[in-house]
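**Q** Take a look and give me a structure for this.
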Amino acid sequence: MRLCSIASGSSGNCIYVGDDTTHLLVDTGISKKRIEEGLDSLGIKGSELNGILITHEHVDHIQGLGVFSRKYEIPIYATQGTIEGINCCKSLGKMPEGLLREVEIDKSFTLGDIKVRPFEISHDARQPSGYRFENGQKSVAIATDLGKYDEYTIEQLQNLNAVVLEANHDVHMLEVGPYPYPLKKRVLGDKGHLSNELSGRLLSDILHDDLQYVILGHLSKENNYEELAYETVKLEISIGDNPYRGDEIPMMVAKRDSVSEVITL
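**A** Reported below is the predicted structural model:
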């Protein structure tokens, strides 16, 4: 299985998950041109995609969906609430008939040879979800845009071989930064975004010997930076109640504006 961040951050998100026979995108929050360039770097054409999975309807996750889907007519999978949000987003233009397919939280379905399981996340959208992918050999998951996590979240992320996990902000940078107070309150809230510290604590709860790679994603441009996210998450692992140290975990930070290293499992 392969995992690659085409873009990840507060300005746009698009993740590739696939294997030799099945190619999937999670979110299309960047332009059609950038999506195509990212896929091209992976040796994949837009027409070869088996499906597009949308986590929620915020613009940084669906910006390119209308243009991209009108060109390639790839089936789009999302929860009922997210589909309603997509249909209410006038900037996408008219969506092609029949492409939007409803999925249910905690109910698995299959695309190509990959089993997909949507799971609930806590975010201020209509019905947001993360996604877990399994192809019978390896398992990966995308878990971003979650203001909090609980035992349910930890359960969904057990026994993974790779994970894209949100490390959105440094709490101190956010508190003293330029955001207006209501936005700061939103980001810090239970339906906001996961801080570097919480990301490290969640990661500590799902670590196991076969977790081969961690990608930290959805970093805030204003309230975080790559080195800080990376070092904070490593520290939380080292001081956490687990047998691992931060520098033992293969980990990288997804790029905001460029394609990240391809993780091959």
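**Q** Okay, the closest residue to R126 other than its chain neighbours and T22: tell me how far apart.
**A** Leaving out its chain neighbours, the residue that sits closest to R126 by C-beta to C-beta, 6 or more residues apart in numbering is G81, at 3.4 Å. C-beta coordinates here come from the backbone N, C-alpha and C atoms, glycine included. To T22, G81 is 26 Å away according to C-beta to C-beta, to the nearest Å.
**Q** How about L160?
**A** From L160 to T22 the distance is 18 Å (C-beta to C-beta).
**Q** Also S258?
**A** S258 sits 25 Å away from T22, going by C-beta to C-beta.
**Q** Which residue of the two possesses the greater neighbour count?
**A** T22 (20 against 13; other C-beta atoms under 10 Å).
**Q** Please tell me the pLDDT value assigned to the more buried one.
**A** If you check T22, the pLDDT there is 98.
**Q** ditto for D257
**A** Reported pLDDT for D257: 89.
**Q** Now it: which helix or strand?
**A** Using DSSP states H and E, D257 sits in no helix or strand.
**Q** which residues are contacting stretch 97-109?
**A** With C-beta atoms under 8 Å, 6 or more residues apart in numbering as the test, stretch 97-109 has contacts from 53, 69, 73-80, 83, 86-87, 115-120, 127, 129.
**Q** Among those, which ones are in strands?
**A** L53, I76, Y77, A78, T79, K115, V116, R117, P118, F119, E120, S129 (DSSP state E).
**Q** Give me the distance between the fifth one and V17.
**A** T79 sits 18 Å away from V17, taking C-beta to C-beta as the criterion.
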